[in-house]
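Novice: Here's a sequence, model it:
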Amino acid sequence: MSISNAFITSIGVGFCIHPSHSPNIPLPMVGVVILGSPNKTSSNLAAARVGDLVIGFCGHLGVLVMGSSDVQSTYIQQSLIGSPFVGYFNGVIVHGSAPCFSGE
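Specialist: Coordinates of the predicted model:
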């Protein structure tokens, strides 16, 4: 089974747990990938990799922590739909590249 790659502008959903939001209540949040590979593109956008950032619409960040076991960009695992990110903004990537797939 193939899974679509993630790239800059891919959408992530999850929760923001920054203390500036209501205490002890995770805030449902949507965000986008804002960093990617300097030399590999997916749908003409920089490919997202483990370690790249996702920013919630509240302005808080998460870091991609998982990617493909067999596809790399600049020697770093490429992130995919379903790749998790953690930080103040925690969640998973839910939108990726249609024409480029990992695992094929």
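Novice: Name the SS class of the most far-flung residue of the chain relative to its centre, please.
Specialist: Distance from the C-alpha centroid of the chain, by CA atoms, centre = their mean, peaks at P23 (25.5 Å). Per DSSP: H, G, I helix; E, B strand; the rest coil, the secondary structure class of P23 is coil.
Novice: Now do the phi/psi pair for it.
Specialist: phi -60, psi 140 (degrees, to the nearest 10).
Novice: pLDDT wise, what is it at?
Specialist: We have a pLDDT of 76 for P23.
Novice: Tell me the spacing between G14 and T41.
Specialist: Here G14 is placed at a distance of 25 Å from T41 (CB to CB, to the nearest Å). All C-beta spots, glycine's among them, are computed from the backbone N, C-alpha and C.
Novice: Can you pick out the residue with more neighbours from the two?
Specialist: Set G14 next to T41 and count neighbours by other CB atoms under 10 Å: G14 wins out with 23 against 16.
Novice: Double-check the more buried one against G87; I have them as touching.
Specialist: No. Counting by CB atoms under 8 Å, G14 does not reach G87; the two are 10.0 Å apart.
Novice: Overlap of the contact sets of the two?
Specialist: Taking CB atoms under 8 Å, 6 or more residues apart in numbering as the criterion, G14 and G87 both touch G62.
Novice: Quick one: the strands in this protein, in order.
Specialist: Secondary structure of the chain (DSSP state E): strands at 3-4, 11-16, 27-33, 41-42, 45-46, 53-56, 61-64, 72-73, 76-77, 84-87, 89-93, 101-102.
Novice: Show me which residues of the longest one are buried.
Specialist: The reference is to strand 27-33. 27, 29, 31-33 (16 or more other CB atoms under 10 Å).
Novice: Name the nearest of the residues you listed relative to T9.
Specialist: V32 (5.4 Å; CB to CB).
Novice: So which helix or strand of this structure has the lowest pLDDT on average?
Specialist: In the chain, no helix or strand scores lower on mean pLDDT, DSSP states H and E than strand 101-102, which sits at a mean of 46.
Novice: give me every residue that touches the residue lying closest to H21 once chain neighbours are set aside.
Specialist: Closest residue to H21 apart from its sequence neighbours, by CB to CB, 6 or more residues apart in numbering: L27 at 4.5 Å. For L27, the contact set (CB under 8 Å, 6+ apart) comprises 15-17, 21, 58.
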